[in-house]
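**Q** sequence-free structure coming up:
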């Protein structure tokens, strides 16, 4: 077995299998693609390694004060929001998924994709939209005063608290549970449900005893995704004045100037994320929740009649109105009122800057994903597969944690560069540039671009690639001429998904952006926190409309697979 990389030399061979065996000898253990994969791993693991090393250093001067006064509040508020969002997303997502899967009623086929749209509505935008809706000068109180002569002092409903944060995060994150649960319900065989009916059980008992237990992995997976988004959220809890670990990291870093305290908080938050992932994996285990192929029977929806069909339609309509349609109308109304004074050349420059940044990050992630996946095709070792899995863990890490883990080594690198140059210059060289921001985007959203590209590689298989190399083409030329043209749709999908996530990302951008550098997300958040809610709607509307594009694409993909 050859351990080094050798160029394949022309020789007399007896069969194509011999050629393929010789090729695999040359590229099996080591090549430049594997080297690239390892370097990508080290790049993406930098934030986690940084935090892991720094937590063993002595705490900062403010850690003792913070641990005695604020830490319990961070724990309590974070856990309360997690529990509240988990409960609400479960109720909303599972109930809507069950109704749309098992019953035929007016508007069902439209609600299948309408209820996914709230995913395109960032939580911080939803937060200040609802505050504006319920405010004294909002449309609801204005209608009460002018049409019904009802005077209400203050806000109609106070959302600036933990229940308000739970409500806002739940209506934006329930589609995670809805999507996965609906897919699970559609994959379940009708045979088991019919067996339940034959035993005298009604629809409710069949749902509780049969369908719900079989969908448990999907439900827990959706709740886990929603929980990780809750831990990543900064805009909603900051705007509502709720102290969580994310706001604590910002306070320790910017207000107190204590890096080690921010690291300790980031380590606790990262531990909570891993606990969620561990619990989700533990409850799933090796248990099977699906029936054998021989028991499959096509799903037949029950036709709802009378009051029932209007009740089902009303439930889905209410969820859609509250989670998307009403706040979107308010955003559009604010844009109508303020677009003339907001949309100038500076605003167009802001849009161009945001789109360019998101496109660049998406393209870089696509390139790195291709390197990772192509190295797997050349050397399919188990340890190499583990490298690619580690490289995609960044999406599970909150943005504030990644930002702290990246900022520390970059600042150290800045100091080293300044010392090497023997210059009197002070300040930031790398950490204050777009490099740090794009670096963080790559770490955070690697999994978003990696997964669709991985799916594209799996569809084309390995045989086309091997046929090209049997004809004497090298690995780089085979990738360029054969593989990339065949997976171009997956490449575009990966870039598009990363584009949307980068466009609405807030915590990372707030911490790592260059001085006085704004994106659509930071501009909308800054204007809203400065009581310019109506003006912030212009940037918010672009983020929302852009976020709808991959959601529609996702729904078409689900429908094409009959999921």
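**A** Good, I have the coordinates. As the structure is a computational prediction, the values presented were derived from the model and not from experiment.
**Q** where are the low-confidence patches of the stretch 101-250 of the chain?
**A** For the stretch 101-250 of the chain, applying pLDDT under 70 flags the ranges 148-156, 188-205.
**Q** hey, where'd the strands end up in it?
**A** For the stretch 101-250 of the chain, applying DSSP state E, counting those that start in this stretch gives strands covering 103-104.
**Q** Please apply the same query to the stretch 301-450 of the chain.
**A** Under the criterion DSSP E, counting those that start in this stretch, the stretch 301-450 of the chain contains strands at 302-303.
**Q** which intervals of it have sub-threshold pLDDT?
**A** Checking the stretch 301-450 of the chain against pLDDT under 70 turns up 380-382, 422-428.
**Q** Show me where it has its helices.
**A** Secondary structure of the stretch 301-450 of the chain by DSSP state H, counting those that start in this stretch: the helices cover 307-320, 326-342, 345-378, 382-391, 399-421, 434-460.
**Q** Which neighbouring elements make contact with the longest one?
**A** So that's helix 345-378. For helix 345-378, the packing partners by 3 or more Cβ pairs under 8 Å, 6 or more residues apart in numbering; DSSP states H and E come out as helix 32-54, helix 382-391, helix 434-460, helix 488-504, helix 520-529, helix 533-560. C-betas here are computed from N, CA, C, even on glycine.
**Q** the inter-axis angle of the first one versus helix 345-378?
**A** The reference is to helix 32-54. Here helix 32-54 runs at an angle of 120 degrees relative to helix 345-378 (axes from the mean of the first three to the mean of the last three Cα atoms, to 10 degrees).
**Q** Show me how far helix 32-54 is from its chain's centre.
**A** On the basis of Cα atoms, centre = their mean, to the nearest Å, helix 32-54 sits 21 Å off its chain's mean C-alpha point.
**Q** ok, residues contacting that helix?
**A** Residues from elsewhere that reach helix 32-54, judged by Cβ atoms under 8 Å, 6 or more residues apart in numbering: 5, 260, 263, 266-267, 270, 368, 371-372, 374-375, 378-379, 384, 387-388, 390-391, 393-394, 397, 401-402, 404-406, 408-409, 439, 442-443, 446, 475.
**Q** One more: the fifth one?
**A** By Cβ under 8 Å, 6+ apart, the list of residues contacting helix 520-529 from outside reads 122, 124-125, 128, 235, 238-239, 350-351, 354, 503-506, 509-510, 513, 518, 533, 535-537, 539-540, 542-543.
**Q** If we use 6 Å, what do you get?
**A** By Cβ atoms under 6 Å, 6 or more residues apart in numbering, the surrounding residues in contact with helix 520-529 are 124, 128, 235, 350, 354, 504, 506, 509-510, 535-536, 539-540, 542-543.
**Q** go on, the fourth one?
**A** For helix 488-504, the external contacting residues (Cβ under 6 Å, 6+ apart) are 122, 358, 361-362, 365-366, 441, 445, 448-449, 452-453, 456, 521, 543, 546-547, 550.
**Q** so can I have a markdown table of the helices and strands packed on helix 345-378 showing distance to residue 73 and mean neighbour count?
**A** What follows is the helices and strands packed on helix 345-378, written out as a markdown table (distance: least, Cβ to Cβ, whole Å; neighbours: other Cβ atoms under 10 Å):
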| stretch | distance to residue 73 | mean neighbour count |
| --- | --- | --- |
| helix 32-54 | 22 | 18 |
| helix 382-391 | 34 | 14 |
| helix 434-460 | 27 | 22 |
| helix 488-504 | 28 | 22 |
| helix 520-529 | 21 | 22 |
| helix 533-560 | 27 | 19 |
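**Q** quick one, which of those is nearest to residue 107?
**A** Closest approach to residue 107 among the helices and strands packed on helix 345-378 (Cβ to Cβ): helix 533-560, 15.2 Å.
**Q** Give me the helices and strands touching that closest one, please.
**A** In terms of contacts (3 or more Cβ pairs under 6 Å, 6 or more residues apart in numbering; DSSP states H and E), helix 533-560 is packed against helix 123-134, helix 326-342, helix 488-504, helix 520-529.
**Q** so of the helices of the stretch 301-450 of the chain, which one's packed in deepest?
**A** Most buried of the helices of the stretch 301-450 of the chain by mean neighbour count (mean count of other Cβ atoms under 10 Å) is helix 434-460; its value is a mean of 22.
**Q** elements contacting it?
**A** Contacts defined by 3+ Cβ pairs under 6 Å, 6+ apart place helix 434-460 against helix 345-378, helix 399-421, helix 488-504, helix 507-512.
**Q** Kindly reformat these as JSON lines and extend each row with distance to residue 327.
**A** Shown next, in JSON lines, are these (distance: least, Cβ to Cβ, whole Å):
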{"stretch": "helix 345-378", "distance to residue 327": "21"}
{"stretch": "helix 399-421", "distance to residue 327": "23"}
{"stretch": "helix 488-504", "distance to residue 327": "15"}
{"stretch": "helix 507-512", "distance to residue 327": "22"}
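**Q** Could you measure from residue 542 over to residue 122?
**A** Distance of residue 542 to residue 122, computed by Cβ to Cβ, to the nearest Å: 12 Å.
**Q** ok, now residue 549?
**A** In terms of Cβ to Cβ, residue 549 sits 15 Å off from residue 122.
**Q** now residue 105
**A** Residue 105 is 31 Å from residue 122, by Cβ to Cβ.
**Q** Same check on residue 302?
**A** Separation of residue 302 from residue 122 (Cβ to Cβ): 37 Å.
**Q** what's the answer for residue 275, then?
**A** From residue 275 to residue 122 the distance is 25 Å (Cβ to Cβ).
**Q** Residue 548 contacts residue 120, doesn't it?
**A** Yes: with contact defined as Cβ atoms under 6 Å, residue 548 and residue 120 form a contacting pair (4.6 Å).
**Q** okay, residue 269: pLDDT?
**A** pLDDT recorded at residue 269 is 85.
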